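**Q** show me how the following folds:
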Amino acid sequence: MNMTASAYEEIFHSSVVTKLRADLALALRAAAHHGLGEGVCNHFSIAVAGNDSLFLLNPRGLLWSEVQADDIVLIDDAGTKLAGRHDVEPTAMFIHAAIHRIARKACVLHTHMPYATALTLTEGRTLDTTLSQNAMRFHGRIAVDDSYNGLALDASEGERIARAMNGADVAFLGNHGVVVCGPRIDHAYDDLYYLERACASQVIAESTGRRLVPVDEALASRVAEQTTGERLQSELFFEALRRTLP
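**A** As a prediction, this is how the structure comes out:
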């Protein structure tokens, strides 16, 4: 996309993108509040509607807890900063750009959150979606990439991860972390939060050494349909976070 610097600035400060920046920053602060962050690593991104090669992303070097709307940066699918006051981590978009482009996901949240990451280290690699009610919401929505290949330092690794997702909303990346995607920020964040809650329940239950008791696949599928069929609760949760988080 060949545009002038002033054109990118106009997009960056448009009312639609200003709201997206505020929502992305809120999701990052919420993730920090809920213990899902890790230092100044990992990224959340959202595509700019109507511009397939433009994305909003958290900048390099800031804790998620301190990110505000004005800290978010506008980048292209090569990771080049187009607008914003902060630098971008050079490798930040290798995973995100590929998932936006190949998996066609609007919002991409990548974390190393503790309990979900713990499950990526196990033989099963992933969440058992027939256990807790929170886990059942993800039944049929998870892909597993068990081919860890080191840090995503080039485009090929991000593309491999994106293809391994095979259209899924959630990917457990073996020995690495998770990616949660959605059509909008509030829905994706709600899934991210409840994914970690479900993983925590499974890890804690497994730590008892007692036999786990799953439900049948049909019931898990029905709960997934019930949860994803009506997302008002997700939106209300995000608005509650907006009211209560600094």
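**Q** let me know the distance separating the residue of the chain most remote from its centre from G229.
**A** Going by C-alpha atoms, centre = their mean, the residue of the chain most distant from its centre is R210, 32.0 Å out. Per C-beta to C-beta, to the nearest Å, R210 is found 33 Å from G229. (Each C-beta comes from the backbone N, C-alpha and C, glycine too.)
**Q** same question, G140
**A** From G140 to G229 the distance is 13 Å (C-beta to C-beta).
**Q** more neighbours, the two?
**A** Under the criterion of other C-beta atoms under 10 Å, the comparison of G140 against G229 puts G140 first, with 14 against 7.
**Q** report the secondary structure state of the more buried one.
**A** Assigned by DSSP: H, G, I helix; E, B strand; the rest coil, the conformation of G140 is coil.
**Q** swap in L74?
**A** Per three-state DSSP, L74 ends up strand.
**Q** what residues sit buried inside stretch 84-98?
**A** G84, H86, V88, E89, T91, A92, M93, F94, I95, H96, A97, A98 (16 or more other C-beta atoms under 10 Å).
**Q** what's the end-to-end length of it?
**A** Taking C-alpha to C-alpha, to the nearest Å, stretch 84-98 runs 22 Å from one end to the other.
**Q** avg pLDDT for that stretch?
**A** Mean pLDDT, stretch 84-98: 89.
**Q** in the chain, which spans are helices?
**A** For the chain, the helices defined by DSSP state H cover 5-12, 15-33, 92-102, 114-120, 133-136, 155-165, 185-207, 217-228, 232-244.
**Q** for the third one, packing partners?
**A** Right, the one you point to is helix 92-102. When contacts are defined as 3 or more C-beta pairs under 8 Å, 6 or more residues apart in numbering; DSSP states H and E, helix 92-102 sits against strand 44-48, strand 51-57, strand 107-111, helix 155-165, strand 177-182.
**Q** in TSV, list the buried residues of stretch 84-98 along with distance to D23.
**A** Converted to TSV, the buried residues of stretch 84-98 look like this (distance: C-beta to C-beta, whole Å):
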residue	distance to D23
G84	16
H86	18
V88	19
E89	21
T91	24
A92	19
M93	19
F94	24
I95	21
H96	16
A97	20
A98	23
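**Q** for L173, state which of those is nearest.
**A** I95 (8.9 Å; C-beta to C-beta).
**Q** just checking, that closest one touches H110?
**A** Yes. With contact defined as C-beta atoms under 8 Å, I95 counts as touching H110 (5.8 Å).
**Q** shared neighbours of those two, anything?
**A** H43, V179 (C-beta atoms under 8 Å, 6 or more residues apart in numbering).
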